[in-house]
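Trainee: Sequence below, structure please.
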Amino acid sequence: MSTPDSATSETQVKLPQKRYYRQRAHANPFSDHQLDYPTMPSEMDWSKHYPTYYPTKDAKCDKKVEFADIGCGYGGLLIALAPLFPEKLMIGMEIRLKVEEYVYERIKALRIQKPGSYQNVSIMRMNAMKFLPNFFEKGQLTKTFFLFPDPHFKARKHKARIISTTLLAEYAYIMKVGGILYTITDVRDLHEWMVEHLDAHPLFERIPDAECEQDPVVEHVRTATEEGKKVARNEGDKFLACYRRIEDPLESA
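Mentor: Next up is the predicted model:
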């Protein structure tokens, strides 16, 4: 796959259409999806994603990815945040092949339509339940997003939920102290599950709702994604919870 910068002239570029990239709403995270991933963060080739900052595989750059949208879907949040935080590198992670291809083409087209813009955003196909620590160093991320994740309604499938005791240990590892983890869903049961597990984790502290509302990112968390727009059209509820990564008392002792 070519980099998102390689394309023809501006006038020939159009945004991709979702109807050509439709796929199942969710994918099995325990299946073998034949994904490529580095054995450690230092081996990751970011030049494929951010050629402006990493012109070659071995190029050195002070900037590192800070925002990660886990299960980014069709990329609505990424596209909304990219111009708001032009100096922050952000990555979307999506396990579904067709959806990842759509976001890739969308970013490629936007970079050509608006030269110099959207150089800070990219997409990769990956399974965050298995390989997340292979991409990010300890304390690297300042924002992680879990927006309208698969609710896995059946009790026997709860182990596949993206928020769990085991996975929260990984999220805490890759997040910077003071970083924010955002969750939102239209399923009350899933919201309560995520809150229960995050409340129980010693390295995450819930941010009061009033403080969340002062965060300019929250409005986009609610409205920018395709799922968020669908819930709004159906006049459904959206349950938001934001958590701050706090210092490990054992490390500060």
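Trainee: quick one: the closest residue to Phe239 other than its chain neighbours from Gln214, how far?
Mentor: Excluding the flanking residues, the one nearest Phe239 by Cβ to Cβ, 6 or more residues apart in numbering is His191, at 3.6 Å. Backbone N, C-alpha and C define where each C-beta goes, glycine included. Per Cβ to Cβ, to the nearest Å, His191 is found 21 Å from Gln214.
Trainee: Between the two, which has more neighbouring residues?
Mentor: Remark: of His191 and Gln214, His191 carries more neighbours, 19 against 9, as counted by other Cβ atoms under 10 Å.
Trainee: So for the stretch of helix or strand the more buried one belongs to, what gets flagged as buried?
Mentor: Using DSSP states H and E, His191 maps to helix 188-200. For helix 188-200, burial by neighbour count (16 or more other Cβ atoms under 10 Å) applies to 190-191, 193-195, 197-198.
Trainee: Just the residues contacting that helix, thanks.
Mentor: 146, 149, 151, 153, 158, 161, 163-165, 168, 181, 183, 185, 204, 206, 237, 239, 241, 243 (Cβ atoms under 8 Å, 6 or more residues apart in numbering).
Trainee: okay, that helix in PDB with CA atoms only?
Mentor: Provided in PDB are the C-alpha atoms of helix 188-200 (Å, rounded to 0.1, in the frame of the first residue of the first chain):
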ATOM      1  CA  ARG A 188     -26.100   1.300  29.500                       C
ATOM      2  CA  ASP A 189     -24.900  -2.200  30.500                       C
ATOM      3  CA  LEU A 190     -21.600  -1.700  28.700                       C
ATOM      4  CA  HIS A 191     -21.200   1.800  30.200                       C
ATOM      5  CA  GLU A 192     -21.600   0.400  33.700                       C
ATOM      6  CA  TRP A 193     -19.200  -2.400  32.900                       C
ATOM      7  CA  MET A 194     -16.500   0.000  31.700                       C
ATOM      8  CA  VAL A 195     -17.000   2.300  34.700                       C
ATOM      9  CA  GLU A 196     -16.900  -0.600  37.100                       C
ATOM     10  CA  HIS A 197     -13.600  -1.900  35.700                       C
ATOM     11  CA  LEU A 198     -12.000   1.600  35.400                       C
ATOM     12  CA  ASP A 199     -13.100   2.500  38.900                       C
ATOM     13  CA  ALA A 200     -11.500  -0.600  40.200                       C
END
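Trainee: circling back: in PyMOL, how would I select the buried members of the contacts of helix 188-200?
Mentor: Of those, the buried ones can be selected in PyMOL as follows, counting by 16+ other Cβ under 10 Å:
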select buried, resi 146+149+151+161+163+164+168+181+183+185+204+239+241+243
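Trainee: Keep only those of the contacts of helix 188-200 that are in strands.
Mentor: Assignment to strands by DSSP state E places the following of those there: 146, 181, 183, 185, 204, 206, 239, 241, 243.
Trainee: Distance to Tyr104 and pLDDT for these - can I get that in a markdown table?
Mentor: Output for those, formatted as a markdown table (distance: Cβ to Cβ, whole Å; pLDDT from 0 to 100):
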| residue | distance to Tyr104 | pLDDT |
| --- | --- | --- |
| Phe146 | 21 | 98 |
| Leu181 | 25 | 99 |
| Thr183 | 25 | 99 |
| Thr185 | 26 | 98 |
| Phe204 | 31 | 99 |
| Arg206 | 35 | 99 |
| Phe239 | 30 | 98 |
| Ala241 | 30 | 99 |
| Tyr243 | 30 | 99 |
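Trainee: Looking at those, which one is closest to Arg233?
Mentor: Arg233 lies nearest to Thr185 out of the ones in strands among the contacts of helix 188-200, by Cβ to Cβ, at 16.4 Å.
Trainee: ok, now how distant is that closest one from Lys130?
Mentor: 22 Å.
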